[in-house]
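Visitor: Next comes the sequence, and after it the predicted model I'd like to discuss.
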Amino acid sequence: MNNRNTKAIVFDLDGTLYEETHHFEYYAEQVAKRLRKEDQHRFWEDYRTVLSGRHPLRIGSVYDTEKDLILFLQNGIVSEAYRWNGEKLGAAEVKTIYPGQVKIDLDRLFSIGDNLENDILPARRLGCRTIFIDVYRLAKHGDADVIVASMSECVPVLRRFL
């Protein structure tokens, strides 16, 4: 696996990795303490706005870090795009920025999940890199590119690739 070549990370967030959302606060605190002091207040405002549903960023959306846009896709086509401040882009502007299907080299994508059959093996067959969260330690060598026992063990792995 090539370092610093990651383009996208897909987390299995269908309820099997988490049951409640209260743990989001822990991760938000971890992010906040790594920010400059002058940026922390704005981070917490954005975080609470997202959680309350008053921000376009939500589970199921895609954040384009290069263009600083929040995207909603239908079959790979951008159907809606928003600036971070919530401003919706017009259809013509979206078409200019994203004229066709949004594509990504699958070898630059990480699939992270806790279900070998649903999250990991299909992604591997497509050529994606994979991290299997194997809480019960049932995986065999080669089932995934990286096998960890918990979500927190993913962090140092991802740091190598981002």
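Guide: Cool, the structure landed.
Visitor: can you pull the buried residues of the helix or strand harbouring residue 26?
Guide: Assigned by DSSP states H and E, residue 26 belongs to helix 23-32. Residues of helix 23-32 classed as buried: residue 28 (neighbour count, 16 or more other CB atoms under 10 Å). Where you see a C-beta, it was placed from the backbone N, CA and C, and this is true even at glycine.
Visitor: Equivalent analysis for stretch 73-90, please.
Guide: 73, 78, 80, 81, 82, 89.
Visitor: what distance separates that stretch from the centre of its chain?
Guide: 17 Å (CA atoms, centre = their mean, to the nearest Å).
Visitor: From one end of it to the other, what's the distance?
Guide: End-to-end distance for stretch 73-90: 15 Å, by CA to CA, to the nearest Å.
Visitor: which residues sit against it?
Guide: 46, 55-57, 62, 68-72, 93-94, 97-98, 100-103 (CB atoms under 8 Å, 6 or more residues apart in numbering).
Visitor: Which ones among the residues you listed lie within helices?
Guide: In this view, the contacts of stretch 73-90 that belong to helices under DSSP state H are 46, 93, 94, 97.
Visitor: Name the SS class of the residue lying closest to the third one once chain neighbours are set aside, please.
Guide: So that's residue 94. Distances taken as CB to CB, 6 or more residues apart in numbering place residue 81 nearest to residue 94, at 4.9 Å, with adjacent residues excluded. On the three-state scheme (DSSP: H, G, I helix; E, B strand; the rest coil), residue 81 is labelled strand.
Visitor: Let's have the buried residues of stretch 73-90 in JSON lines, adding distance to residue 162.
Guide: Shown next, in JSON lines, are these (distance: CB to CB, whole Å):
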{"residue": "73", "distance to residue 162": "22"}
{"residue": "78", "distance to residue 162": "24"}
{"residue": "80", "distance to residue 162": "27"}
{"residue": "81", "distance to residue 162": "24"}
{"residue": "82", "distance to residue 162": "24"}
{"residue": "89", "distance to residue 162": "27"}
